[in-house]
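# I'll drop the sequence and a predicted model, then ask my questions.
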Amino acid sequence: MQPTQKFEEDVAFVREAVEKRDRMQYNSIAIAVLWAIILTAGYIVNDFRPEISHLYWPIGTSIGFLISIWIGVRAKRVEGVAKRSEGAKHTLHWGSLFFTIAAIVFIALRHGLDGWVMGQYITLISGVTWYLGGLHLDRRFLLPGVVCIASAPAVDYLAPYPWTMAGLPIAASLIISALWMKPNDKSIV
Amino acid sequence: MTKASSENTSDSLAQLDKLLEHRSRLGACVLLADTDAMTFTSLKQLLKETDGNMGAHLRKLEDMGYVDIDKRFENRKPVTWYSLTEKGRRSLTTHLNALQTVIQSAGID
């Protein structure tokens, strides 16, 4: 065998190992189910107990955010790959959503914005963040992103339980994406 | 092949790192290069090696100072994490550059 042929085969072998590791991304079904539950419960609260919405959302999403980080770190440990840069990228991305929502709530409270409209803005910004996460982090966020963006204006036209009817497709899209779409932690752009 | 490119190939062949000429050791270093650390089990599975062979390859890399070892207990089980050292990273870069030159000289994409 020519040395160059051996080198070529070695490079192909190493490339295959790297690709296999990148495909081995943890199936984030646990995180998807967690957020499907948090969102569905939250939208049901919006329809049936709107007086506690302002308590449910900050507490529910904060707990969800912390549990998601814990699940992600644990999954990477099980997978046997430690990559701080990747963890930091995800934390900064989803953290930006968290702080953007806090800013929306602050502005809404200062200007006496209606809770209904504030909910629509939060749903819209969440959808955009998921969609961008789908483009740059993991394409499984694309579908929930699109559904979430569409749900924000749709709430005005749904009856009799507009938030629940808008929230259920978002929750379903999260689970469908996590179950059926191939994980891909690479950017698709 | 011209005389100049032949000399270039010879230079590159000389720059190849003997330790990284084995595909599993090369693979281990490449896999570790863009992560902070990986476990013995994940390296073994990805490189399709047995416990014994993977252990021997990683020991050689460790002896040369190319990888660092961190042994921990996770859920009461011993887990060995490997990370690439600065020396290992420099050697890998030199080796890969030389390898690229050799392959390009041979006209293989």
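Perfect, I can see it now. Keep in mind that this is a model prediction, so the values were computed, not measured. Numbers count the residues shown, from 1 in each chain, chains lettered A, B, ... in the order given.
# for chain B, what's its nearest residue on chain A.
Chain B sits closest to A:Gly80 of chain A, with a gap of 3.1 Å, by Cβ to the nearest Cβ. (Glycine included, C-beta is placed from N, CA and C.)
# how much space between that residue and A:Ala102?
36 Å (Cβ to Cβ, to the nearest Å).
# those two: who's more crowded?
Each of A:Gly80 and A:Ala102 has its neighbours counted (other Cβ atoms under 10 Å in any protein chain shown); A:Gly80 has more, 23 against 11.
# pLDDT score assigned to the residue nearest to A:Gly95 when sequence neighbours are not counted?
Distances taken as Cβ to Cβ, 6 or more residues apart in numbering or on different chains place A:Phe65 nearest to A:Gly95, at 7.9 Å, with adjacent residues excluded. If you check A:Phe65, the pLDDT there is 89.
# which secondary structure elements does the one helix or strand A:Phe65 maps to contact?
Taking DSSP states H and E as the criterion, A:Phe65 maps to helix A:53-79. With contacts taken as 3 or more Cβ pairs under 8 Å, 6 or more residues apart in numbering or on different chains; DSSP states H and E, helix A:53-79 sits against helix A:29-48, helix A:84-110, helix A:115-136.
# if we go to 6 Å?
helix A:29-48 (3 or more Cβ pairs under 6 Å, 6 or more residues apart in numbering or on different chains; DSSP states H and E).
# other residues contacting the helix it packs on?
A:53, A:56-57, A:60, A:64, A:68, A:71, A:161, A:163-164, A:167, A:170-171, A:174-175, A:178 (Cβ atoms under 6 Å, 6 or more residues apart in numbering or on different chains).
# now swap in stretch B:92-107 and tell me
A:4, A:7, B:5, B:9, B:12, B:15-17, B:20, B:29.
# got those as a markdown table, with secondary structure and neighbour count columns?
Putting the contacts of stretch B:92-107 into a markdown table (DSSP: H, G, I helix; E, B strand; the rest coil; neighbours: other Cβ atoms under 10 Å in any protein chain shown) gives the following:
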| residue | secondary structure | neighbour count |
| --- | --- | --- |
| A:Thr4 | helix | 18 |
| A:Phe7 | helix | 22 |
| B:Ser5 | helix | 13 |
| B:Thr9 | helix | 20 |
| B:Ser12 | helix | 18 |
| B:Gln15 | helix | 14 |
| B:Leu16 | coil | 19 |
| B:Asp17 | coil | 18 |
| B:Leu20 | helix | 25 |
| B:Cys29 | helix | 25 |
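# so where's the chain uncertain?
By default, I'm working from chain A. A:1-3, A:24-28, A:182-189 (pLDDT under 70).
# wrong one, I was asking about chain B
B:1-9, B:106-109.
# residue numbers of it in contact with chain A?
Within reach of chain A by Cβ under 6 Å from any Cβ of the partner chain, chain B has these residues: B:23, B:26-27, B:30, B:35-39, B:41-42, B:46-47, B:99, B:103, B:106, B:108.
# in space, what's closest to A:Pro50 - neighbours in sequence excluded?
A:Gly115 (7.1 Å).
# run a quick neighbour tally on that neighbour.
Applying other Cβ under 10 Å, I find that A:Gly115 has 13 neighbouring residues.
# B:Asp68 contacts B:Ser83, doesn't it?
Yes - using Cβ atoms under 6 Å, B:Asp68 is in contact with B:Ser83, at 4.9 Å.
# okay, buried residues for the longest helix along chain B please.
Looking across chain B with DSSP state H, the single longest helix is helix B:86-105. Using 16 or more other Cβ atoms under 10 Å in any protein chain shown as the test for burial, helix B:86-105 gives B:88, B:91-92, B:95-96, B:98-99, B:101-103, B:105.
# which parts of chain A sit against chain B?
A:4, A:7-8, A:10, A:13-14, A:17, A:20-21, A:80-84.
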